[in-house]
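1. Build me a structure from this.
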Amino acid sequence: MSVKSSSPDVSIDNIYKLDGRVPVAKAIPFGLQHVMAMFVSNLAPIAMVCGVAKLLGSDQTGISGIELARLLQSAMFIAGLGTLIQLYPVWRIGAKLPVVMGVSFTFVATLTYIATNFNYQTMIGAIIVGGCVEGCLGLTYRYWKRIVSPIVSACVVTTIGFSLLSVGARSFGGGYVDDFGAPKYMIVGLITLLSCIIFSALAKGFLKQLNVMFGLVVGYIVSFIVGIISIQQLLKQFSTTINEVGFIALPRILPYKPVFNISAVLSIVVVFFVSAAETIGDTTAVVAGGLDRDITEKEISGSLACDGFLSAVSGLLGCTPITSFSQNVGLIAMTKVVNRFTIMFGALTLILAGLFPPIGAFFSTLPQPVLGGCTIMMFGTIVVSGMNMIGKCGFNQRNTIIAALSISIGIGFTQTPDIFNYFPKIIADIFAGNSVAGVFVLSMLMNFILPKDMDVKKLAGM
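-> Residues are numbered from 1 along each chain as shown. Got it, this is the predicted structure:
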């Protein structure tokens, strides 16, 4: 009798523990909750990059619907695989924590620049090299953990948000189309955005995390009404995908032969440093918010190694880099559900979705204004998060100089790229279209150069 009465309580308690047995019936809905919170955001970056990418040897801009469906399939598969390895590490790769992985927005601005000014194959080559670099950084974390200070991370996160604002605005207005900004695109983008806001304001509990999904559904329906997409177009996409790819298919390895360009590689490596700083923050937040303790060096090392090496694997599948997802960090902090077995069902769901190309075919038909409406506020939220991080660092003289100078030069110079005309070409290729790289390098340099006690000396002089 005592065993029967206590078992339900044990299963409930285990949901809030990192390890422990949880009934499958209870584990599945909590795992699916994490997938719903990040599903759209996981697909949006690759869709945005592919919408403007150039293929080597082709004069056409963009990637065909069939190719995009394959890549979206890969995005779902690699996100699930990365999450699974974070939960259950392989050697020293993985944190053994409930860190949910997905395709990163951090790289969108830089990848868009490379994919349009070089080509998609060059972008893939840079991703593979950059991922291996971050993976090695993760394995050697103990030797450099003091280099990236909080003010550097704060400046970088703020700049990431600013650099993505134009990407969101471009999607909001219809993407790269001849009638960019036409009323039909603006109406769909606005209705999608308002749907996300209203749902977030009215929903309760973890349902708030589904505001992007709700906006996606509403925006997609409105797209049919205004004629951006049609039933015939959707059915044709499904039919073509099933005929050419199949109903079930494994993601392809090396669908695009990588091209290695030194300036593209260096540009991406800089952003991988930025991604590493973000991953450290997300993993730390998971431990602090979900487990109420300090993170260990081993956990950060494993998380970074997974972030990097799985991004390289993502490149081998023709997809863009992956990283830890902040919205899932917030979900863990709110629900306190950290059980690895429970969240594993979310990872398995993503992997299964990646094995069915028709799912990718459906999401490949998402109109750009719907993506813009779903993501433009998210990009603005990244700016606000960065500002909050700067505020937590403190607005003393040293931090103010680092933030003000790095952001003003890093962003300002990319808005006037002709300023790089007399620089070596490799410098121009890295920094002319990549404000994140500029801010990261400048803030790192100033963090090393400026004396740590400059504010103390100022007070002493007074």
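2. Please make it C-alpha for all contacts and neighbour counts, starting now.
-> OK.
3. and the residue nearest to G372 when sequence neighbours are not counted, what does it touch?
-> Closest residue to G372 apart from its sequence neighbours, by CA to CA, 6 or more residues apart in numbering: F172 at 4.1 Å. F172 makes contact with 185-186, 189, 368-373, 376, according to CA atoms under 8 Å, 6 or more residues apart in numbering.
4. Repeat that for D307.
-> 82, 131, 134-135, 276, 279, 322-324.
5. go on, E134?
-> When contacts are counted by CA under 8 Å, 6+ apart, E134 touches 269, 272-273, 276, 304-305, 307-309.
6. Equivalent analysis for I295, please.
-> 283-284, 287-288.
7. hmm, who's touching stretch 149-158?
-> 274, 277-278, 382-387, 389-390, 393, 399, 402-403, 406-407, 436, 439-440, 443-444, 447.
8. Now with 7 Å, please.
-> By CA atoms under 7 Å, 6 or more residues apart in numbering, the list of residues contacting stretch 149-158 from outside reads 274, 277, 382-383, 386-387, 389-390, 393, 399, 403, 407, 436, 439-440, 443-444.
9. Kindly export it (C-alpha atoms) in CSV.
-> Provided in CSV are the C-alpha atoms of stretch 149-158 (Å, rounded to 0.1, in the frame of the first residue of the first chain):
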residue,chain,number,x,y,z
SER,A,149,34.7,39.3,-19.7
PRO,A,150,31.0,40.1,-19.0
ILE,A,151,31.3,43.6,-20.7
VAL,A,152,32.6,42.0,-23.9
SER,A,153,29.7,39.5,-24.0
ALA,A,154,27.2,42.3,-23.3
CYS,A,155,28.5,44.4,-26.2
VAL,A,156,28.4,41.5,-28.5
VAL,A,157,24.9,40.4,-27.7
THR,A,158,23.7,44.0,-28.1
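10. Next, the buried residues of that stretch.
-> Within stretch 149-158, the residues scored as buried using 16 or more other CA atoms under 10 Å are 150-158.
11. got a markdown table for those residues, with distance to L352, pLDDT and secondary structure too?
-> Listed next are the buried residues of stretch 149-158 as a markdown table, based on distance: CA to CA, whole Å; pLDDT from 0 to 100; DSSP: H, G, I helix; E, B strand; the rest coil:
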| residue | distance to L352 | pLDDT | secondary structure |
| --- | --- | --- | --- |
| P150 | 38 | 84 | helix |
| I151 | 40 | 89 | helix |
| V152 | 38 | 87 | helix |
| S153 | 35 | 79 | helix |
| A154 | 36 | 84 | helix |
| C155 | 38 | 88 | helix |
| V156 | 34 | 84 | helix |
| V157 | 32 | 80 | helix |
| T158 | 35 | 87 | helix |
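12. These: which two are farthest apart?
-> P150 and T158 (12.3 Å; CA to CA).
13. residue ranges with poor pLDDT in this structure?
-> For the chain, the stretches flagged by pLDDT under 70 are 1-12, 36-37, 40, 58-62, 205-207, 209, 327, 330, 334, 455-462.
14. all strands of it, in order?
-> 101-103, 322-324 (DSSP state E).
15. Show the buried residues in the contacts of I295.
-> With burial judged by 16+ other CA under 10 Å, the buried subset of these is 283-284, 287.
16. With distance to D13 added, can I get these in TSV?
-> Below are the buried ones among the contacts of I295 laid out as TSV (distance: CA to CA, whole Å):
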residue	distance to D13
T283	23
T284	23
V287	18
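17. which residue sits closest to G175, ignoring its sequence neighbours?
-> Spatially, and ignoring its direct neighbours in sequence, G175 is nearest to Q368 (5.6 Å; CA to CA, 6+ apart).
18. With distance to L235 as extra columns, can I get the contacts of E134 in JSON lines?
-> Output for the contacts of E134, formatted as JSON lines (distance: CA to CA, whole Å):
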{"residue": "V269", "distance to L235": "41"}
{"residue": "F272", "distance to L235": "39"}
{"residue": "F273", "distance to L235": "42"}
{"residue": "A276", "distance to L235": "41"}
{"residue": "L304", "distance to L235": "41"}
{"residue": "A305", "distance to L235": "41"}
{"residue": "D307", "distance to L235": "36"}
{"residue": "G308", "distance to L235": "38"}
{"residue": "F309", "distance to L235": "37"}
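19. So which of these belong to helices?
-> Here DSSP state H is the test, and the contacts of E134 give 269, 272-273, 276, 304-305, 307-309 as lying in helices.
20. quick one, what contacts M101?
-> 79, 82-83, 322-325.
21. how close does it get to L216?
-> 21 Å (CA to CA, to the nearest Å).
22. residues in contact with the residue nearest to the spatial centre of the chain?
-> Nearest to the mean C-alpha position of the chain, counting by CA atoms, centre = their mean, stands S104 at 2.0 Å. For S104, the contact set (CA under 7 Å, 6+ apart) comprises 45, 321-323.
23. and if you look at K96?
-> Contacts of K96 (CA under 7 Å, 6+ apart): 86-89.
24. Please report how far L137 lies from V152.
-> 17 Å.
25. How about A27?
-> Separation of A27 from V152 (CA to CA): 38 Å.
26. Check A75 too.
-> Taking CA to CA, one finds A75 at 29 Å from V152.
27. swap in A353?
-> When A353 is compared with V152 (using CA to CA), they lie 37 Å apart.
28. what do you get for V329?
-> Counting by CA to CA, the gap from V329 to V152 is 21 Å.
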